[in-house]
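Undergrad: pasted the sequence and its predicted model underneath.
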Amino acid sequence: MPDYIIAVDQGTSSSRAILYNRQLQPIASHNEELALSYPHSGWVEQDPEAIWQSVLNCIQQLMRQNEIKATQVAALALTNQRETTLLWDKATGKALYPAIVWQDRRTADQCVELKQSHEAILRQKTGLLADPYFSATKLQWMLDQQADIRRRAGAGELCFGTIDCFLLWRLTAGKVHATEASNASRTLLFNIHQQQWDPELLSLFNIPAALLPQVCDSAAELGITMPDLFGHPIPILSILGDQQAALLGQACIEPGMLKSTYGTGCFAVVNTGKQVLNSQHQLLSTVAWRIKGECTYALEGSIFMAGATVQWLRDKLGIIRQASDTETLAKKVSYQQSELLIPAFTGLGAPHWQPKAQAALFGLTRNSGREEICAAALRSVAYQTQDLLQAMRKDGIELSDIRVDGGMTTNQWFLQALADLTQTKVLSSKQPDATAFGTAFLAAYQLGWYPQLSAINTLRQKPTQFTPELSPHQQAICYQNWCQTINKLLA
Ligand SMILES: Nc1ncnc2c1ncn2[C@@H]1O[C@H](COP(=O)(O)OP(=O)(O)O)[C@@H](O)[C@H]1O
Ligand SMILES: O=P(O)(O)OC[C@H](O)CO
């Protein structure tokens, strides 16, 4: 009897595959880092073949290293970086362009116009707003680059997809062109109330409907892998956008429960149940998951630079050798530090939505060194989280704690700073891969191993707790300085 599930988490910084047993304990994993390229100012791209190859290698290596045969695998469960846009040729399966990554700002000018003319309708239909972050203007940009391309798109010769859709296509050797509702809800083309591609929005962005994938439930028989890939076909039974998968993986299955994931970016997401909450404070409404045709919705605050700021310290400034060095260095720096980093390297996301903002480091003195810059970088992620929590509270969400996960949460110093600067209890998942766990659980649910979503409560390990140690008065001084500095930058 097949007793395993393999979850694939295709993130911005890396791809990984994790092997779970029937009790949904992680048995083994295989990880591969992925490169990003920045060919022009504001552009962020990835190689579609490198993405595909990394996913394939991760699954194959995981199976090989653990002597697992495909016949022992009950399901493949996918989760992925969202919004990243691909366009490929139906006949050859080859992408026409590099993947335009969610952080890419090339369509910022277009979004300024869109904001003035169509923000209200975009918000009402999609829960999102006019920003280059989402897929629609990225796809529009691709379609505007070649003379014949819209005709080919209209004739059904090309496919658009987010990462999940591209992987599903490749895993099934072109048999399935489909996505699922949580990923579709990030495109700016999907009506989250009616659960369908919106004809008015397709016409606004001049996007031929023939390009679009079918939108499925998040748990379903989504496809079967080609036998030659893993030696035997494996059913693909769940797909979720990575932030929605983490919401499920952190057992936030009731309205009002919040998680915040610190990977490349940071995404604070709160379950709003059957209700689409219309934020008055620049947060997004999105599909959390769709099961048996029924949608659960969520409210989201998106920060573009979290772990990516740490990568910048490593790869561009060269002041650390590895991400964990930030912890050792930051420990030496008190809250009295004058240095403040506004990490608007790819514009600012929620709640500012300023795609053209540029990063800046304030308050430098002769005493400022790599310790201070590391502390400022880590604290910038905590301050931005406080911006999101404030917006959520103003929208009427009551928050008593934050369930956190993602690569950055191995940094204990950061987690204490997060509790201090948000004055909120932080519960750090002992399962650092809450994202993969979320989609693996959904596949197990689809298999009938766990017939109720509430079973996730019993599978989740007790988290580690961080409580605020900074006084509310000191926090208020620090946060006021952050707000004033951001306002200065945006003025
Ligand atoms: N100890 C650490 N301190 C700070 N940041 C870290 C640490 N370990 C990993 N990171 C950051 O976490 C990110 C990777 O997390 P991950 O959840 O794998 O991201 P993604 O899903 O976006 O690929 C990287 O950007 C890295 O810089
Ligand atoms: O790569 P991550 O894990 O930071 O997630 C990227 C998000 O899905 C972008 O919306």
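TA: Noted; the coordinates are in hand. Ligands and ions are numbered 1, 2, ... in the order given.
Undergrad: residue 288 contacts residue 269, correct?
TA: Yes - counting by C-beta atoms under 8 Å, residue 288 does reach residue 269; the two are 7.5 Å apart. All C-beta spots, glycine's among them, are computed from the backbone N, C-alpha and C.
Undergrad: what touches both of the two?
TA: Taking C-beta atoms under 8 Å, 6 or more residues apart in numbering as the contact rule, residue 288 and residue 269 both touch 244, 247, 298.
Undergrad: ranking those by neighbours, who comes first?
TA: residue 244 (34 neighbours; other C-beta atoms under 10 Å).
Undergrad: now it: phi and psi?
TA: phi -70, psi -40 (degrees, to the nearest 10).
Undergrad: from residue 163, how far off is the closest residue to it other than its chain neighbours?
TA: Nearest residue to residue 244, sequence neighbours excluded (C-beta to C-beta, 6 or more residues apart in numbering): residue 182, at 4.2 Å. Separation of residue 182 from residue 163 (C-beta to C-beta, to the nearest Å): 12 Å.
Undergrad: these two - which one has more neighbours?
TA: The neighbour comparison of residue 182 against residue 163 (other C-beta under 10 Å) goes to residue 163, with 33 against 29.
Undergrad: which residues touch the more buried one?
TA: Neighbours of residue 163 in contact, by C-beta under 8 Å, 6+ apart: 10, 51, 80-82, 84, 86, 99.
Undergrad: so where's the protein uncertain?
TA: Within the chain, not a single segment meets pLDDT under 70.
Undergrad: which residue, other than its chain neighbours, is closest to the residue of the stretch 201-350 of the chain found nearest ligand 1?
TA: As assessed by C-beta to the nearest ligand atom, ligand 1 sits closest to residue 307 within the stretch 201-350 of the chain, at 2.3 Å. In space, and not counting its chain neighbours, residue 307 is closest to residue 408: 4.9 Å by C-beta to C-beta, 6+ apart.
Undergrad: next, count neighbours for the one you found.
TA: Using other C-beta under 10 Å, residue 408 has 25 neighbouring residues.
Undergrad: I'd guess it is in a strand, am I close?
TA: No - counting by DSSP: H, G, I helix; E, B strand; the rest coil, residue 408 is not found in a strand; it is helix.
Undergrad: wouldn't it be in contact with residue 381 here?
TA: Yes - the pair residue 408 / residue 381 is scored as a contact, 7.0 Å apart, by C-beta under 8 Å.
Undergrad: need the residues touching each of those two.
TA: Contact with both residue 408 and residue 381 is made by residues 262, 266, 306, 414, according to C-beta under 8 Å, 6+ apart.
Undergrad: which ones among these are found in strands?
TA: 262, 266 (DSSP state E).
Undergrad: which of the shared contacts of residue 408 and residue 381 are close to ligand 2?
TA: Among the shared contacts of residue 408 and residue 381, no residue sits close to ligand 2 (C-beta under 6 Å from any ligand atom).
Undergrad: state the pair within the shared contacts of residue 408 and residue 381 that is farthest apart.
TA: With C-beta to C-beta as the measure, no two of the shared contacts of residue 408 and residue 381 lie farther apart than 266 and 414, at 10.9 Å.
Undergrad: what residues are shared contacts of these two?
TA: Listed as contacting both residue 266 and residue 414 by C-beta under 8 Å, 6+ apart are 381, 408.
Undergrad: got the phi/psi numbers for residue 444?
TA: Dihedral angles phi and psi of residue 444 (degrees, to the nearest 10) take the values phi -70, psi -40.
Undergrad: tally of neighbours for it?
TA: With other C-beta under 10 Å as criterion, residue 444 counts 27.
Undergrad: any idea how far the closest residue to it other than its chain neighbours is from residue 71?
TA: The shortest distance from residue 444 to any non-neighbouring residue, by C-beta to C-beta, 6+ apart, is to residue 450 (5.1 Å). In this view, residue 450 and residue 71 are 22 Å apart by C-beta to C-beta.
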